[in-house]
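Okay, structure incoming, though there's no sequence with it:
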């Protein structure tokens, strides 16, 4: 896997600040547990509110965590004064997410001027044992000269 | 678009009961606003808790609503004593979901013994005006002889 | 479905010229059978060389036809002096492509400055009866100021 | 990455025989260059007939090679007397496929009774230097008790 260099020396502060301004991530109890150039890890702990009818983490929640992990993996490589939007995502569900904790890891595969291709995986963790429950590909767009704090339009 | 027939005369009660047992859908304030054989519509109203850093509905939330709409569109066509799991999903984000309400509509495209292909679209609604913000394809698996109320394994 | 306007009055000549310079489309016997702003239809006739081990059109061939149809549907809306590249694609296979003819139709869903979202469907045609065998979503990139006739890089 | 065991001691003969009965793979000059339980590699050499208007390998051709590599990676793990169909595929195009040779590698990620999730990557090779040009996820269906040599229906 290629190693990527951050273009913004303040990438960590910028990414963590943006994550803190995603109310939906707080609503699903997510925390950013690791961050490096091109890689972001998020975790959430099982609450009944995050489950579906079989008692697993809801598939949409798993995708949500993977999407934010993928977006911030990309965003960590963006230049200053830019923001990020998801263009598309695609995920396969490999196993039910039936553990006590859910972890999503986004890893940039390829970077361009405007488009970043990112892989994300989600793991269900039960008594410390990890099981891959989702793998996916995400296309992220870098919007330069746009604020991360107000409404933007990726078109 | 092909018209589909329900195989379970009680499909409406079965689907609505299952939806009511998805705590995550309640956590994101979603309601089932329409249901017919092969078609399901869900809506949620904007709350700050559902948004991301630009103030839009979070992309993961939009996918979550689309996933449940797609799953229940398929489930409405399943035989009695079965349950549903998402195999994979893929979505394109066409416009930011910046309205006051979000609507997702799942529509079955094709049915088999075990696999159902479903299209889902999500619309952001602002002052009654709808804007398509997501379109996606979902593969749903029909698990016969499995309960919808306890842990199942799609493998 | 939204109606789109061509930005290039010569779009038809430009698109047909580009298609004629895709040797792979000739290799799979494809013809452009319809073209309008935002819509492109391609067809190929069954030859043994296009099939897989069950005697169906090979899934990769079906995707290939859909990809070119989607790309030229987008390209028909591009401004002059631009070219097109596929960013990503995602397809569900609904039925085996077992007919005598294969038709792919690309239809633009949404256009931006740089990214176009396109739906494509492929139909297997047997004795004049059409069967939907593939549905997919394609993201196409508009590269302005780049030639359609020499090597380009979408990054 | 999990290691998988072949269930059919004759998997290599079975897979290579099936590949030899895909006329489309011969039409695009593809050869099976490696095979192990859960892993399949295919290669093709650049011919003008495989290219698009910029002189790159056509994106559809790249997907075709990846699709067959993914399908045979899965098929290598199937029990005797079964066959394989692609349920869905999703790919990101990372770099133009502008080399003299194209290589696709399919690798099984997860196996079930009926569904296999497979990753595939394609590399453009120029003067021995490999460049990742496509990454994708494929869902493959195992049809037991069906012949690999006659028409089958995955539904």
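All right, it came through fine. Because the structure is predicted, anything quoted here is derived from the model rather than measured.

Residue A:65 - how many residues pack around it?
Neighbours of residue A:65 under the rule other CB atoms under 10 Å in any protein chain shown: 29. C-beta here means a position set from N, CA and C on the backbone, and glycine is covered the same way.

To clarify, my last question referred to residue A:144.
If you count neighbours by other CB under 10 Å, residue A:144 ends up with 12.

That one and residue A:82 touch, don't they?
Yes. Look at residue A:144 against residue A:82 with CB atoms under 8 Å: they come within range, at 4.7 Å.

what is in contact with the two at once?
Taking CB atoms under 8 Å, 6 or more residues apart in numbering or on different chains as the contact definition, residue A:144 and residue A:82 share no neighbouring residue.

partners of the nearest residue to residue A:130 once chain neighbours are set aside in the sheet?
Nearest non-adjacent residue to residue A:130, counting by CB to CB, 6 or more residues apart in numbering or on different chains: residue A:123, 4.4 Å away. When bridges are taken as DSSP bridges, the partners of residue A:123 come out as residue A:103, residue A:132.

which residues touch residue A:123?
Residue A:123 makes contacts with A:102-105, A:130-133, as judged by CB under 8 Å, 6+ apart.

quick one: contacts of the helix or strand where residue A:25 lies?
For residue A:25, the element it lies in under DSSP states H and E is helix A:23-27. When contacts are defined by CB under 8 Å, 6+ apart, helix A:23-27 is touched by residues A:19, A:42, A:64, A:68, B:27-28, B:48-52, B:58, B:60-61.

Pull out the buried residues from those residues.
Neighbour-count burial (16 or more other CB atoms under 10 Å in any protein chain shown) applied to those gives A:19, A:42, A:64, A:68, B:27-28, B:50-52, B:58, B:60-61.

So which residues of chain A form helices?
Counting by DSSP state H, chain A has helices at residues A:11-20, A:23-27, A:59-75.

looking at those helices, which is buried most?
Compared across the helices of chain A, helix A:59-75 shows the largest average neighbour count, a mean of 30 (mean count of other CB atoms under 10 Å in any protein chain shown).

Remind me what that helix packs against, helices and strands.
With contacts defined as 3 or more CB pairs under 8 Å, 6 or more residues apart in numbering or on different chains; DSSP states H and E, the secondary structure elements packing on helix A:59-75 are helix A:11-20, strand A:39-45, strand A:82-93, strand A:101-111, strand A:115-126, strand A:129-144, helix B:59-75, strand B:82-93.

Any idea which residue is closest to the centre of chain A?
Computing the C-alpha centroid of chain A and ranking residues by CA atoms, centre = their mean puts residue A:69 first, at 1.3 Å.

per-residue pLDDT, the nearest residue in space to it that is not next to it in sequence?
Nearest residue to residue A:69 in three dimensions, chain neighbours excluded: residue A:106, at 3.6 Å (CB to CB, 6+ apart). For residue A:106, the pLDDT comes out at 98.

Equivalent analysis for residue A:154, please.
In the prediction, the pLDDT value recorded for residue A:154 is 60.

Could you do residue A:113 as well?
According to the per-residue confidence, residue A:113 scores 89 in pLDDT.

who wins for proximity to residue D:94 among the helices and strands packed on helix A:59-75?
Among the helices and strands packed on helix A:59-75, the nearest to residue D:94 by CB to CB is strand A:101-111 (4.2 Å).

Please state the offset of the closest one from the chain centre?
On the basis of CA atoms, centre = their mean, to the nearest Å, the separation between the geometric centre of strand A:101-111 and that of its chain is 6 Å.

what's it packed up against?
strand A:39-45, helix A:59-75, strand A:115-126, strand A:129-144, strand D:129-144.

switch to 7 Å and redo it
For strand A:101-111, the packing partners by 3 or more CB pairs under 7 Å, 6 or more residues apart in numbering or on different chains; DSSP states H and E come out as strand A:39-45, helix A:59-75, strand A:115-126.

possible to save those as JSON lines with distance to residue B:150?
Putting the helices and strands packed on strand A:101-111 into JSON lines (distance: least, CB to CB, whole Å) gives the following:
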{"stretch": "strand A:39-45", "distance to residue B:150": "22"}
{"stretch": "helix A:59-75", "distance to residue B:150": "17"}
{"stretch": "strand A:115-126", "distance to residue B:150": "17"}
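
Tell me who's in contact with the residue nearest to the centre of chain A.
Contacts for residue A:69 were tallied using CB atoms under 7 Å, 6 or more residues apart in numbering or on different chains; they are A:40-42, A:104-106, A:120.

Kindly reformat these as a markdown table containing distance to residue B:97.
Converted to a markdown table, those look like this (distance: CB to CB, whole Å):
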| residue | distance to residue B:97 |
| --- | --- |
| A:40 | 22 |
| A:41 | 26 |
| A:42 | 21 |
| A:104 | 21 |
| A:105 | 25 |
| A:106 | 21 |
| A:120 | 20 |
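
Go through these and name the one nearest residue B:114.
When the contacts of residue A:69 are compared for distance to residue B:114 (CB to CB), residue A:120 wins out at 26.9 Å.

before we move on, back to that, just give me the neighbour total for the residue nearest to residue A:69.
The burial count for residue A:106: 29, using other CB under 10 Å.

Pretty sure it sits against residue A:118.
Yes. In this structure, residue A:106 is within contact of residue A:118 by CB atoms under 7 Å, at 5.4 Å.

so what sits against both of the two?
Residues touching both residue A:106 and residue A:118 comprise A:70, A:73, with contact defined as CB under 7 Å, 6+ apart.

Which residues does residue A:108 form beta bridges with?
Residue A:108 has the following beta-bridge partners by DSSP bridges: residue A:118.

still on that earlier bit, output the contacts of residue A:123 as CSV; include the columns neighbour count and distance to residue B:32.
Supplementary listing: those in CSV, determined by neighbours: other CB atoms under 10 Å in any protein chain shown; distance: CB to CB, whole Å:
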residue, neighbour count, distance to residue B:32
A:102, 27, 25
A:103, 20, 31
A:104, 28, 28
A:105, 21, 33
A:130, 13, 34
A:131, 15, 31
A:132, 16, 31
A:133, 27, 26
